[in-house]
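S.K.: Sequence below, structure please.
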Amino acid sequence: MKREYHKWFSPFLQRNMEMLVFGHSGASVLFFPTRTARFYDYEDWKVIEALRPKIEAGYLQIYCVDSIDRESFYNEYSHPHHRIERHLQYEQYILQEVVPFMKKNNPGTALISAGCSMGAYHAVTTAFKHPHLFKKVVGMSGRYDVTQSMGSFRDLLDGYRDENVYFNMPNQFMPNLGNPDIITALKKLDIIIVIGEEDAFLADNKYLCSILAAKGIPNHLYIWHEEAHRARYWRKMVQIYF
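M.R.: Below is the predicted model:
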């Protein structure tokens with residue numbers, strides 16, 4: 001299995017960013033890490049190994065990007081306004097640096113946005129805001145409004161609300177989405193949402209899919225038994241849904 005390490009200084013983030021790329025051809029998967037995790041964790045957790053047959057066969061090329069969650073949503077020492085501003089810088093890094101890199105590295109292939117846990121939030125939010133860029137999105141064990149406390153998972157913005165917060169929480173902006181071009185693009189997107197029946201985010205996932213259904217946007221919600229918020233489940237999920 002081809003494995004590449006990349007590192008460059010990001011103008012949008014003003015820091016070095018690292019990435020691992022697995023595979024030589026096939027659909028390009030933008031794979032966001034879990035909460036505060038790193039670009040190498042999916043490899044360490046054997047999630048990439050679970051995809052080895054598809055990667056070696058040339059069906060998938062996986063781009064494991066890094067996270068800056070510790071500088072944005074999980075930076076308790078920063079005002080929530082600056083947390084969401086830092087997240088927006090990360091979004092620009094993805095859109096203006098990573099996606100062009102993927103297109104140049106593997107031109108003409110479909111783009112898939114995917115992630116587990118907090119990575120699912122990033123994957124779904126990015127795809128829903130920019131659906132024209134992607135063919136498919138896979139959110140596994142995610143929550144889609146991080147301003148809501150769910151189980152042991154707290155409100156990551158401590159009650160702070162502004163326009164940037166609103167437009168970066170799918171469960172907030174999607175109900176009021178009226179842009180016909182974006183809705184048309186979302187209807188072309190293959191949307192897959194996966195959650196465990198005992199996960200703290202189950203109701204949040206059901207709510208997201210109900211919003212999509214109300215707008216006539218096709219989507220697939222898969223509910224796994226037990227609490228599926230663990231790497232051993234993600235290894236199985238990627239084999240099925242990627």
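
S.K.: going forward, measure contacts between C-alpha atoms and count neighbours the same way
M.R.: Noted.

S.K.: where's the spatially most central residue of the chain, which helix or strand?
M.R.: The centroid of the chain falls nearest to Ala123 when counting by C-alpha atoms, centre = their mean (1.8 Å). Per DSSP states H and E: Ala123 is located in helix 118-129.

S.K.: so after that helix, what's the next helix or strand?
M.R.: strand 136-140.

S.K.: Parallel or antiparallel, list what pairs with that following strand.
M.R.: strand 111-116 (parallel), strand 190-196 (parallel) (DSSP bridges).

S.K.: Flag every buried residue along the last one.
M.R.: Of the residues in strand 190-196, those scored as buried under the neighbour-count criterion (16 or more other C-alpha atoms under 10 Å) are 190-196.

S.K.: how many neighbours does Val165 have?
M.R.: 22 (other C-alpha atoms under 10 Å).

S.K.: Which residue, other than its chain neighbours, is closest to it?
M.R.: Distances taken as C-alpha to C-alpha, 6 or more residues apart in numbering put Ile84 closest to Val165, at 6.6 Å, once the chain neighbours are dropped.

S.K.: For the residue nearest to Lys188 when sequence neighbours are not counted, list the residues it contacts.
M.R.: Once flanking residues are discounted, Lys188 sits nearest to Lys135: 7.4 Å by C-alpha to C-alpha, 6+ apart. For Lys135, the contact set (C-alpha atoms under 8 Å, 6 or more residues apart in numbering) comprises 110-112, 188-190.

S.K.: now Lys135: how far from Asp190?
M.R.: 6 Å (C-alpha to C-alpha, to the nearest Å).

S.K.: just the helices in the chain please.
M.R.: 41-44, 47-50, 52-56, 80-93, 99-105, 118-129, 163-166, 170-173, 180-188, 202-214, 231-241 (DSSP state H).

S.K.: thought the residue nearest to the centre of the chain was touching Met140?
M.R.: No - when contacts are counted by C-alpha atoms under 8 Å, Ala123 is not listed as touching Met140 (9.5 Å).

S.K.: Look at stretch 96-111 and report the distance between its end residues.
M.R.: 15 Å.

S.K.: Distance check, the closest residue to Asp190 other than its chain neighbours against Tyr144.
M.R.: With C-alpha to C-alpha, 6+ apart as the criterion, Asp190 has its nearest non-adjacent residue at 4.4 Å, and that residue is Lys136. From Lys136 across to Tyr144, the span is 17 Å (C-alpha to C-alpha).

S.K.: any idea how far Lys135 is from Gly178?
M.R.: 21 Å.

S.K.: same question, Leu157
M.R.: 26 Å.

S.K.: More neighbours: the two, which one.
M.R.: Neighbours were counted for Leu157 and for Gly178 using other C-alpha under 10 Å; Leu157 has more, 23 against 11.

S.K.: if I pick the residue nearest to that one when sequence neighbours are not counted, what's in contact with it?
M.R.: Closest residue in space to Leu157, ignoring its immediate chain neighbours: Pro80 at 5.2 Å, by C-alpha to C-alpha, 6+ apart. Residues counted as contacts of Pro80 (C-alpha under 8 Å, 6+ apart) are 73, 157-158, 160.
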